[in-house]
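Novice: Predicted model, plus sequence, below.
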Amino acid sequence: MKPDPYDLGLDGLEAVLDDQPAYRARQMWAWLQRGVHDPQAMTDLPKPLRQRLAATFAPSPEVTRQSTADGGLTRKVLLQYADGEAVESVLMLYPKNGRRDHARATVCVSSQAGCALACPFCATGQAGLRRQLTFGEVARQVTVMQRLLAGPVELPAGCPPQVTNVVFMGMGEPLSNLDVTLRAVRWLATPTEAGGFGLSARSLTVSTVGLVPGIARLARLKLPITLAVSLHAPNDELRDHLVPVNRHFPLAQLLTAVQRYQATTGRRVTIEYILIAGVNDALEHAAELARRVAALKAHVNLIPMNPTPGIAWTAPSVQRQRAFARVLDEQGVAATIRHNRGGDIDAACGQLYADYALASGRMLRVDRDAGQRAEVVRR
Ligand code: SAH
């Protein structure tokens, strides 16, 4: 198989181009960083070299579909790889305005095609794990958006011309594809002069279901990235249902790992808590959650459940969401209700599933038991 220039990295490119002046590899790398993946379009390289590079490397995955929502502020891209697998990435734009003096362009990247962890509220989980992504396949999700921001597409006023933040919150579990995730984080946080993407580590977030060994490895990077933990339940009984991997890494163990992460990195951890009507949204759940996380000084993000095909669960009323948040506030736990982006193009949290029906002829399983399971869980 032909190599992927991203996976080779700058050093690897220098080795491939060792018969060329030293700056050629850097020139090519600079194009890749900007999301120009086709060697034929790398206009500062001599034509014969461009041809040679096009013949040397594997062709880039194709952007086979793009959709737009929220008045152009949210864009979803489907990247299709040569083997037919596909992943979705989302660009969320936050233009500069009266309340916000720094414009943001956040890319939500997928770390795996599908996911093995089978959380019953998540569309990606229904497809199962299809395969791991390579570093190049993750990196390209960022550079494709970088190019989109720089390119001819008309963007709403006040949007930044480049990617400013990356969140590992797309399809898959980043800590199940740990080496690739660690490499991607390091690359994103390395200055461009040194061959990286040049973001500050503070603008990166890795979201996990709570794989304890992965959290420890992430802490050892000693980079001030944000760790987000998908807690979703305040006790093991409920969490065993909502996040099945809890049976391997129960809450007490997970919260200890989170505490250690905070102690090592000095960063406040984000706790994610999806609100599902009649399942985990009782005020007693809020009080129990507050007790469990109080010592962490974490910030709790409440994510109202996004509707997803084949899953019967829904978000509670806005009133109930606020009452839940109020209980946390009263117990001294900082909490924010997150408003969703991209709901109408299935680009919101937990809705990404890359149309596997299209990619492989397999339809999504319809989870007719979800309503029933809600009953079981509530008791
Ligand atoms: N595997 C990682 C990252 C993927 S999802 C993780 O679980 O953290 C990013 C966030 O979206 C997670 O908190 C996930 O639980 C949440 N999510 C999944 N399905 C959702 C849905 N239908 N509605 C709202 N949030 C959802």
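Specialist: Arrived safely.

Novice: Correct me if wrong: T68 contacts V77.
Specialist: No. The criterion here is CB atoms under 8 Å, and T68 misses it with V77 at 10.2 Å. For the C-beta atoms, the positions are set from N, CA and C on the backbone; glycine is no exception.

Novice: Give the residue from these two that has the larger number of neighbours.
Specialist: Using other CB atoms under 10 Å as the criterion, T68 and V77 rank with V77 on top: 20 against 16.

Novice: Quick one: list the elements packing against the helix or strand hosting F324.
Specialist: Per DSSP states H and E: F324 is located in helix 318-330. Judged by 3 or more CB pairs under 8 Å, 6 or more residues apart in numbering; DSSP states H and E, helix 318-330 is in contact with strand 270-275, helix 283-293, strand 299-304, strand 335-337.

Novice: The third one: how far from the chain's middle?
Specialist: Computed by CA atoms, centre = their mean, to the nearest Å, the separation of strand 299-304 from the middle of its chain amounts to 16 Å.

Novice: Check which helix or strand the nearest residue to G195 once chain neighbours are set aside maps to.
Specialist: Using CB to CB, 6 or more residues apart in numbering and skipping the chain neighbours, the partner closest in space to G195 is L10 (4.0 Å). Using DSSP H and E, L10 falls within helix 5-16.

Novice: H232 contacts D281, doesn't it?
Specialist: No. Assessed by CB under 8 Å, H232 is found out of contact with D281, at 10.9 Å.

Novice: Which one's more surrounded, these two?
Specialist: Neighbour comparison, H232 and D281: the larger count goes to H232, with 26 against 22 (by other CB under 10 Å).

Novice: sec struct for P234, please.
Specialist: coil (DSSP: H, G, I helix; E, B strand; the rest coil).

Novice: wouldn't it be in contact with L289 here?
Specialist: Yes. Proximity of P234 to L289 meets the contact threshold set by CB under 8 Å, at 4.0 Å.

Novice: Please say which of the two ends up with more neighbours.
Specialist: Remark: of P234 and L289, L289 carries more neighbours, 26 against 22, as counted by other CB under 10 Å.

Novice: close enough to count as contact, the more buried one and L231?
Specialist: Yes. Between L289 and L231 there is a contact at 7.5 Å, judged by CB under 8 Å.

Novice: How about the residues of the stretch 51-200 of the chain by the ligand?
Specialist: Residues of the stretch 51-200 of the chain found near the ligand (CB under 6 Å from any ligand atom) are F121, C122, M169, E173.

Novice: Report how many residues lie close to the residue of the chain found nearest the ligand.
Specialist: Ranking the residues of the chain by distance to the ligand (CB to the nearest ligand atom) places G350 first, at 1.8 Å. G350 has 23 neighbouring residues, counting by other CB under 10 Å.

Novice: now swap in M1 and tell me
Specialist: 5.

Novice: got it, and the one 10 residues further on?
Specialist: When neighbours are defined as other CB under 10 Å, D11 has 10 of them.

Novice: How much space separates it from A347?
Specialist: Distance, D11 to A347, using CB to CB, to the nearest Å: 35 Å.

Novice: Could you do A354 as well?
Specialist: 11 Å.

Novice: shared neighbours of those two, which are they?
Specialist: E88 (CB atoms under 8 Å, 6 or more residues apart in numbering).

Novice: Please, where are all the strands along this structure?
Specialist: For the chain, strands defined by DSSP state E occupy the ranges 62-69, 74-80, 86-94, 104-108, 112-114, 129-132, 165-168, 204-208, 226-230, 270-275, 299-304, 335-337.
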